[in-house]
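Chemist: turn this into a model:
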Amino acid sequence: MALQCSAIPPHHTPRRKPKIQPEGAKTITLSTNAHQLFDQIPLSDTFTWNTLIRAQTSEGQPHHAILTYHQMLLRGARPDKHTIPGLIAASRLSKAFFDGKQIHCHALKLGFGADDYVITALMEMYGEFSGSSDALKVFEHSPKRNFVSWTLLAKLYAMEDKPDLALQLFHQMVELNIQFDSVALVTALRACIQLKSVHEGRKVHEIARRSGLEFDVLVGNLLLKMYVECRRIEEARNFFDQMPTKDAASWTTLINGYVQSGGFNEGLKIFRQMCVDGARPDSFSVSSVLPACARMSAQKHGREIHAHTIRNHYGMNSTVRNALMDMYVKSGSVELALKIFRRIAEKDVISWTIMIFGYSLHGQGELGVALFHEMAEQTDEAIDDMAYTAVLHACSTACMVGDGKHLFDQISEPRAEHFALMVSLLSNAGHFDEARMFIEKHQIGLRAEIQRAVLNGCKIHRNVKLGKRIAEQLIELEPLNAENYVLLSNIYAAIGKWEITKELKQTIQDIGLKPKEAYSWIELRNKVHVFGVGDVSHPRSQDIYWELECLMNKIEMEGYIPDNDFSLHDVDVERECIIHGHCEMIAIAFGLISTKKSTTLRVTKNLPVCRNCHASAKMISKIVDQEIVLKDPHRFHHFKNGSCSCRDIW
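Modeler: Residues are numbered from 1 along each chain as shown. A predicted model of the protein is given here:
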């Protein structure tokens, strides 16, 4: 565009058609109607020119706005201080940096360089095109600085991942007694969130309190988010309780905070209170609370929220649908997740990934792999790392080695979890030599997760010799991880070397490590019952153990023989009680004596189920003709008619 800094056209300049278009613009020809419109605008009517420029910019035609300015100059109309900010914005929006710099030059020549609106528009333009350093130059050379320019510079620092500079600028602004507004406080709080610094956040909170802006809706919500992001949930709750006005974002932030910190029940309580208080939940609220229901003991709450969403017409957008699918998958109902999935007209990659992973979690890896291929055919979206993670997990679950290799080769830049899943796939299938060559090829042998993947394959295939060596390597890699010593101890216990097992237990005590204790829990009649190994604290313990004794007698009559195992549990503790004193067996027995025969039992355990309990649960499901769903940290075991969905690969 022929905007020259040295010559603002005089009023008698003859009209002529511009020969150069704005930078980056397509070739645009002014129509006869446009020329007639310009001819009708009086030369002295700068207001009309400004209005036309603003309208073209706001309507998404910033190139036309710059063309209009060109015509304005050619026809002799003189810009004023209201013309320049809109043109700078048009240059920024049309990605025409050269034009923007020329307009900056015009602003200086016309004497508008010190105007507040011009300064902030220039800072925003330079900040977007060349960064905060050039915006700082405009800021430093401006004769006067208002709080808007201070805040804008702080915002630019935060956008460039320089939150410390943003906070320094904010505190400098406060020290100089420069008036600030809620936007400046919000910018400072966002910098605190970037830094994850509750110390800095408290200082900004105190400034907000002194300025009387503490309970401004925007400031209050960012203060709440700051405490949540800094993992200060109690401080967040205290502030939330003091807030005189709460919108949906306030409630959602607190719900999200509780759920992320593991306070699932409290998150559910807050959601219910939100509904009672008349604050209408939105898709973000529902999506935030649903992860609290992604547990078998909380699925009924998830169903209630699902029904509440439908009844109140909150809108089933993709975020809510995906959150519902994830909740059902992780709470044990892959069938319900599939119903939602099939009803989604336009599925995104997240929808496909959740369903693929859901199939894998529930022992249906083949269906997960088939669904991945269906996704590849139907979607135009790029397949991301999470989708490949889900399908490799499905391959590992189903021991589909050929498919897993083919899919792994499609990943352009494999990540750590992709390598671990490939090693898990090869080891689970018993291809230990191939797994070793894969590890050596990619030089990933020093990763603990890789060695655990091999060790899990050793457990499945009873490869005690290799398992012992891998467990010893794990101890070298992580000498302060008690789980590694427990694993090695259990391997020696599996081959009857109890003296070495005893020595390893003493080593754990000498180092001061504490292995995880096994717990299982089951929910009945809105109450969660938790059981430890050999637990006799429950009021119905006598009935529970009598039921277990009867069940064990029946399965022994069916030919059950106890087996050695080296799963991740403290075998030295568990061998001190009878086999059916393991916590998952106690929970199952309690469920059987407390429910009707048609009821599906849903038990959760914090550690992987041991081989003996797994075999016992399969036979019990056949004897009592009742489905048992047992969830451990890695997958769901659906015991039915004497078999398990995992096909003994876990």
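
Chemist: please count neighbours and contacts with C-alpha atoms only from this point.
Modeler: Will do.

Chemist: name the helices or strands packed onto the lengthiest helix in the chain?
Modeler: Longest helix in the chain, counting residues (DSSP state H): helix 541-557. Using 3 or more CA pairs under 8 Å, 6 or more residues apart in numbering; DSSP states H and E, the elements in contact with helix 541-557 are helix 583-594, helix 611-624.

Chemist: check contacts around V624.
Modeler: Contact analysis of V624 by CA atoms under 8 Å, 6 or more residues apart in numbering lists K597.

Chemist: how close does it get to L592?
Modeler: 9 Å (CA to CA, to the nearest Å).

Chemist: again, but for S360
Modeler: For S360 relative to L592 (CA to CA), the value is 28 Å.

Chemist: look at the two and report which has more neighbours.
Modeler: S360 (27 against 20; other CA atoms under 10 Å).

Chemist: quickly find the element holding that one.
Modeler: helix 349-361 (DSSP states H and E).

Chemist: contacts for that helix?
Modeler: 322, 325-326, 329-330, 334, 337-338, 341, 365, 367-369, 371-372, 375, 379, 381, 383-384, 386-387, 390-391, 393-394, 397, 634-636.

Chemist: mind redoing it with 6 Å?
Modeler: For helix 349-361, the external contacting residues (CA atoms under 6 Å, 6 or more residues apart in numbering) are N322, V329, G365, G368, A387, A390, A394, R635, F636.

Chemist: turn those residues into a markdown table, columns for neighbour count, secondary structure and distance to W521.
Modeler: A markdown table is the format used below for the contacts of helix 349-361 (neighbours: other CA atoms under 10 Å; DSSP: H, G, I helix; E, B strand; the rest coil; distance: CA to CA, whole Å):
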| residue | neighbour count | secondary structure | distance to W521 |
| --- | --- | --- | --- |
| N322 | 25 | helix | 27 |
| V329 | 27 | helix | 19 |
| G365 | 27 | helix | 27 |
| G368 | 29 | helix | 29 |
| A387 | 21 | helix | 32 |
| A390 | 27 | helix | 28 |
| A394 | 31 | helix | 27 |
| R635 | 20 | coil | 16 |
| F636 | 26 | strand | 14 |
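
Chemist: closest one to L480 out of those residues, please.
Modeler: Distance to L480 across the contacts of helix 349-361 (CA to CA) is lowest for R635, with 26.5 Å.

Chemist: any idea of the pLDDT on the residue nearest to that closest one when sequence neighbours are not counted?
Modeler: Counting by CA to CA, 6 or more residues apart in numbering, the nearest residue to R635 once its immediate chain neighbours are dropped is L361, at 4.8 Å. Note on L361: pLDDT of 96.

Chemist: buried ones in the helix or strand where T309 lies?
Modeler: According to DSSP H and E, T309 maps onto helix 299-311. Buried residues in helix 299-311, counted by 16 or more other CA atoms under 10 Å: Q299, H301, G302, R303, I305, H306, T309.

Chemist: just say helix, strand or coil for L338.
Modeler: helix (DSSP: H, G, I helix; E, B strand; the rest coil).

Chemist: then H529?
Modeler: strand.

Chemist: which stretches in the stretch 451-600 of the chain count as helices?
Modeler: Assigned by DSSP state H, counting those that start in this stretch, the stretch 451-600 of the chain shows helices spanning 464-477, 482-494, 498-511, 541-557, 571-574, 583-594.

Chemist: just to revisit the earlier point, mean neighbour count, the helices and strands packed on helix 541-557: which tops it?
Modeler: For the helices and strands packed on helix 541-557, the largest average neighbour count (mean count of other CA atoms under 10 Å) is found in helix 583-594, namely a mean of 23.

Chemist: following that helix, which helix or strand shows up next?
Modeler: strand 601-605.

Chemist: now that following strand: average pLDDT?
Modeler: So the average pLDDT for strand 601-605 ends up being 94.

Chemist: which residue packs closest to S424, ignoring adjacent ones?
Modeler: A453 (4.7 Å).

Chemist: quick revisit: what's the closest of the helices and strands packed on helix 541-557 to Q509?
Modeler: helix 583-594 (23.4 Å).

Chemist: just the CA coordinates for the closest one, please, in PDB.
Modeler: Taking Å, rounded to 0.1, in the frame of the first residue of the first chain, the C-alpha atoms of helix 583-594 are listed here in PDB:
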ATOM      1  CA  CYS A 583      -8.900 -58.900  50.800                       C
ATOM      2  CA  GLU A 584     -10.600 -59.400  47.400                       C
ATOM      3  CA  MET A 585     -12.000 -62.800  48.400                       C
ATOM      4  CA  ILE A 586     -13.400 -61.300  51.700                       C
ATOM      5  CA  ALA A 587     -15.100 -58.500  49.700                       C
ATOM      6  CA  ILE A 588     -16.600 -61.100  47.200                       C
ATOM      7  CA  ALA A 589     -17.900 -63.300  50.000                       C
ATOM      8  CA  PHE A 590     -19.400 -60.300  51.700                       C
ATOM      9  CA  GLY A 591     -21.100 -59.300  48.500                       C
ATOM     10  CA  LEU A 592     -22.500 -62.800  48.000                       C
ATOM     11  CA  ILE A 593     -24.100 -63.000  51.500                       C
ATOM     12  CA  SER A 594     -25.500 -59.400  51.100                       C
END
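
Chemist: what's it in contact with?
Modeler: Y519, S520, F531, G532, V533, I544.

Chemist: same thing but at 8 Å, please
Modeler: By CA under 8 Å, 6+ apart, helix 583-594 touches 518-522, 524, 529-535, 543-545, 547-548, 580, 601, 603-605, 609, 613, 617, 628.

Chemist: now find how far off-centre that helix is within its chain.
Modeler: Taking the mean of its C-alpha atoms, helix 583-594 sits 35 Å from the chain's own mean (CA atoms, centre = their mean, to the nearest Å).

Chemist: tilt between it and helix 611-624?
Modeler: 20 degrees (axes from the mean of the first three to the mean of the last three CA atoms, to 10 degrees).

Chemist: ok, the residue nearest the centre of the chain to G368 distance?
Modeler: With distances taken as CA atoms, centre = their mean, Q260 lies nearest the centre of the chain, 10.0 Å away. According to CA to CA, Q260 stands 28 Å off from G368.

Chemist: before we move on, what about G404?
Modeler: 12 Å.

Chemist: how about the helices in the stretch 1-150 of the chain?
Modeler: Using DSSP H, counting those that start in this stretch, helices in the stretch 1-150 of the chain cover 32-40, 46-58, 62-74, 83-93, 97-110, 116-130, 132-141, 147-159.

Chemist: can you verify my assumption that M327 contacts C293?
Modeler: Yes. Applying CA atoms under 8 Å, one finds M327 in contact with C293, separated by 6.1 Å.

Chemist: hang on, the earlier thing: out of the helices and strands packed on helix 541-557, flag the one nearest L504.
Modeler: Comparing the helices and strands packed on helix 541-557 by CA to CA, helix 611-624 comes nearest, at 21.8 Å.
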